[in-house]
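sequence-free structure coming up:
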């Protein structure tokens, strides 16, 4: 389950998500304003996560720092779909910034980070090869 944990000033809202532990090595269990909890580990910076990989040293720490070059590591995972969690609020990204995904026919969905975390867990449960890039701020 993902706990909303003060993300929207709601302290005890939960969403139950099913997952098969055999399918995925990584599961997002909680998102707070200053961290994301993955497999009981508290992470306080932007991350890239796939069902089998966790990258904790992704360079951009805010959506404003994001450049096309930052997408190389996401595309190297050969995803079916990429989820970009833009932080607490949804931020519209330009088509020119997202062009590397379009050029390779990779689906990309941009949403606030809570939605990206929930969607990641659902797609993992459906055995999809999803890559999520999650910004905290």
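Right, received. Where do you want to start? Fair warning: this is a prediction, and the values are worked out from it, not measured in the lab. Residues are numbered from 1 along each chain as shown.

so the residue nearest in space to the middle of the chain bridges to which residues?
Residue closest to the average C-alpha location in the chain (Cα atoms, centre = their mean): residue 132, at 3.3 Å. Beta-bridge partners of residue 132, counted by DSSP bridges, are residue 49, residue 83.

how about it, what does it touch?
Neighbour list for residue 132: 48, 49, 50, 82, 83, 84, 85, 116, 117, 119, 120 [criterion: Cβ atoms under 8 Å, 6 or more residues apart in numbering]. Any C-beta I mention is one placed from the backbone N, CA and C, and that applies to glycine too.

how about the helices in this structure?
Using DSSP state H, the helices of the chain run over residues 72-75, 95-103, 113-125.

Residue 57: which of these is closest?
helix 72-75 (10.0 Å; Cβ to Cβ).

which stretches of this protein form strands?
For the chain, strands defined by DSSP state E occupy the ranges 2-3, 14-15, 28-31, 36-38, 41-43, 47-49, 54-55, 81-85, 107-111, 130-134.

most neighbours per residue, which of the ones you listed?
By mean neighbour count, with neighbours taken as mean count of other Cβ atoms under 10 Å, strand 130-134 ranks first of these at a mean of 26.

Compute the inter-axis angle for that one and strand 81-85.
Inter-element angle recorded for strand 130-134 and strand 81-85: 10 degrees (by axes from the mean of the first three to the mean of the last three Cα atoms, to 10 degrees).

that older thread, go through the strands of the chain and name the closest to residue 96.
Closest among the strands of the chain, using Cβ to Cβ: strand 107-111, at 13.1 Å.

packing partners for that closest one?
Counting contacts by 3 or more Cβ pairs under 8 Å, 6 or more residues apart in numbering; DSSP states H and E, strand 107-111 packs against strand 81-85, helix 95-103, helix 113-125.
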